[in-house]
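[1] Sequence plus the predicted model coming up.
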Amino acid sequence: MLSNGFEEQEKNLRLPLVLGDGLLLRWGVPTVAPELGAFNVEIHTENPAEPEDWLANWTADLMSGKHPTTKASDFTVIVDQKAGNKIISSLNLISQTWTYDGIPFGVGRIELVGTDPQYRRRGLIRQQMTAVHQKSAARGELVQAITGIPWYYRQFGYEMTINLGGSREFFWTRPNNDKPIKEEIYHMRPAARPDIPVLQTLYPLHCADSLLVAQRSEDIWEYGLFVATRETAGARTVHMIENGSGSVVAYVQIYPYGTAFRVREIGVMRGHSWRAVALFLVRELKKRAHRLNQQRDKPINHIAFNLGAKHPLYDALGSQLEKQQKPYAWYIRVPDLIAFLNIIAPVLERRLSESVMAGHTGTLRLNLYHVALRLVFKNGNIGKIETYEPAHFFEADAFFPDLSFLNLLFCHRSFAELDAAFIDCFAEKAEAAVLLGCLFPRQPSDINPLS
């Protein structure tokens with residue numbers, strides 16, 4: 001096990017936990033859902049004049065017992081006993097499964113992190129992160145993930161290392177973007193329960209370019225489409241696109257937001273034209289925008305395809321789209337690198353077999369400064385992944401400061417990019433640099449997780 005400084009705390013943590021000065025940390029219970037929902041609205045609303053009431057509904061959904069993986073006891077709650085047990089800080093864990101190039105692994109997603117401003121800078125989030133890290137580890141989840149403000153979650157062992165967002169925009173007012181046609185060959189309708197098996201087939205086609213994929217079982221589809229309260233983070237608004245004979249050729253997840261229709265997912269059946277489907281979609285959404293705009297203060301005037309850094313739809317519409325909107329990043333925590341590397345070893349072996357170092361035999365030593373790892377290869381197979389104690393500082397083949405190795409592990413940055421960005425990230429031998437490039441080629445990820 002590789003320590004990030006919190007394992008001993010996690011091992012000994014039991015809730016409820018007295019924090020001093022009247023503060024008590026405990027797991028959530030269903031009866032606090034209304035109060036916690038109101039707390040989340042107050043803490044996370046940016047403009048008090050426009051409260052984000054959907055946060056209360058999302059909190060209630062997550063605590064209701066109807067969610068596929070999350071319940072009330074997956075929330076941490078800190079109360080001030082001197083103020084009538086008022087909730088003053090909270091966060092929660094949403095367990096799920098992602099895949100790394102097809103290999104599944106457990107993920108604990110942290111969400112709804114907030115503290116009353118009067119109680120901040122007391123280490124309350126750290127105490128709760130320790131609790132949910134412990135719970136996530138007990139479930140066998142090798143990775144924890146969170147989205148959030150810059151830098152903040154680095155102090156809890158996280159690194160910003162997977163794309164978050166990234167989009168291309170389509171404006172109907174742009175020349176040649178609004179060509180009428182005589183008759184549509186497709187039509188679009190809301191998804192229904194019998195569509196779930198078809199969605200299971202189409203979803204991987206949407207995710208085809210992504211290294212990491214959030215697995216979606218039938219009960220997860222059911223929850224997002226029909227159980228979760230509408231207009232919350234857990235709800236999905238999905239439509240099926242059919243041809244004239246009524247056969248499904250594609251699906252699309254869309255929702256209006258601001259001055260755009262946001263397209264979060266789209267998958268097209270093999271053998272059908274992505275471009276034909278995409279052009280139908282932009283025409284159809286223009287019609288819907290026209291109807292909605294009759295009652296909107298801010299009219300919808302474009303489509304935002306929020307499909308990450310790379311997607312077949314971008315290729316299908318080509319120069320009709322505006323330039324790429326730069327992605328932000330997920331925070332990722334991997335407390336046990338050896339366990340995770342062992343899980344993805346088949347992927348590494350396959351990449352190696354398809355590379356310029358196919359059949360490689362040798363040892364790759366990685367000094368991460370706080371720990372050193374050794375990967376032993378024999379005829380292209382990984383025989384052993386272990387820690388080792390360097391006899392001297394430079395007894396390693398490559399060096400990675402802080403948590404920069406996670407950028408390589410998840411193919412977010414190439415070794416050459418890390419080498420250029422960090423003075424203390426480098427390879428002692430040319431062979432190590434080539435091998436790392438073969439094992440971890442840059443590949444984008446676009447995660448649409450369980451919320």
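    Cool, got the structure.
[2] need the contact list for the nearest residue to Trp58 once chain neighbours are set aside.
    Distances taken as C-beta to C-beta, 6 or more residues apart in numbering place Thr232 nearest to Trp58, at 4.1 Å, with adjacent residues excluded. Yep, even glycine has a C-beta here, placed from its N, CA and C like the rest. By C-beta atoms under 8 Å, 6 or more residues apart in numbering, Thr232 lies in contact with 54, 57-58, 61, 451.
[3] Next, format the residues you listed as JSON lines and append pLDDT.
    Shown next, in JSON lines, are the contacts of Thr232 (pLDDT from 0 to 100):
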{"residue": "Trp54", "pLDDT": "97"}
{"residue": "Asn57", "pLDDT": "98"}
{"residue": "Trp58", "pLDDT": "98"}
{"residue": "Asp61", "pLDDT": "98"}
{"residue": "Ser451", "pLDDT": "96"}
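[4] Sort out which one of the residues you listed lies nearest Pro34 for me.
    Closest approach between those and Pro34, by C-beta to C-beta: Asn57, at 11.1 Å.
[5] How many residues are close by that closest one?
    19 (other C-beta atoms under 10 Å).
[6] want to throw the contacts of Thr232 into CSV with secondary structure and distance to Gly224?
    As requested, the contacts of Thr232 are exported to CSV (DSSP: H, G, I helix; E, B strand; the rest coil; distance: C-beta to C-beta, whole Å):
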residue, secondary structure, distance to Gly224
Trp54, helix, 15
Asn57, helix, 14
Trp58, helix, 12
Asp61, helix, 11
Ser451, coil, 8
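[7] Pick the one among those residues closest to Pro197.
    Closest to Pro197 out of the contacts of Thr232 is Ser451 (22.4 Å), distances taken as C-beta to C-beta.
[8] Correct me if wrong: the closest one contacts Gln96.
    No. Counting by C-beta atoms under 8 Å, Ser451 does not reach Gln96; the two are 9.2 Å apart.
[9] joint contacts of those two?
    The contact sets of Ser451 and Gln96 overlap at Arg109 (C-beta under 8 Å, 6+ apart).
[10] Could I get the contacts of Thr232 in CSV, plus columns for distance to Thr76?
    CSV is the format used below for the contacts of Thr232 (distance: C-beta to C-beta, whole Å):
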residue, distance to Thr76
Trp54, 22
Asn57, 20
Trp58, 16
Asp61, 18
Ser451, 18
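[11] Between those residues, which sits nearest Gln128?
    Gln128 lies nearest to Trp58 out of those, by C-beta to C-beta, at 18.2 Å.
[12] Go ahead and confirm that closest one touches Ile94.
    No. With contacts counted by C-beta under 8 Å, Trp58 stays clear of Ile94, the gap being 10.8 Å.
[13] what touches both of those two?
    Residues touching both Trp58 and Ile94 (C-beta under 8 Å, 6+ apart) are Ser451.
[14] Low-confidence stretches in the stretch 101-250 of the chain?
    Residues of the stretch 101-250 of the chain meeting the criterion pLDDT under 70: none.
[15] how about 90 then?
    Counting by pLDDT under 90, the stretch 101-250 of the chain has low-confidence residues at 180.
[16] And the strands in it, which stretches?
    Assigned by DSSP state E, counting those that start in this stretch, the strands in the stretch 101-250 of the chain fall at 103-115, 143-146, 159-164, 168-171, 186-190, 212-214, 238-243, 248-257.
[17] Show me the contact partners of the last one.
    Outside of strand 248-257, the residues within contact range by C-beta under 8 Å, 6+ apart are 186, 188, 191, 195, 198-199, 202-203, 206, 236-243, 261-269, 272, 277, 281, 285, 292, 300, 304.
[18] Filter these down to just the buried residues.
    For the contacts of strand 248-257, a burial check counting by 16 or more other C-beta atoms under 10 Å picks out 186, 188, 191, 195, 198-199, 202-203, 206, 236-243, 261-269, 277, 281, 285, 300, 304.
[19] Contact partners for the nearest residue to Leu62 once chain neighbours are set aside?
    Distances taken as C-beta to C-beta, 6+ apart place Thr70 nearest to Leu62, at 5.0 Å, with adjacent residues excluded. Residues near Thr70 by C-beta under 8 Å, 6+ apart: 62, 92-95.
[20] Which strands and helices lie in contact with the longest strand anywhere in the chain?
    The residue-count maximum for a strand in the chain (DSSP state E) belongs to strand 86-100. Applying 3 or more C-beta pairs under 8 Å, 6 or more residues apart in numbering; DSSP states H and E, one finds that strand 86-100 makes contact with helix 33-44, strand 75-80, strand 103-115, helix 124-138, strand 212-214.
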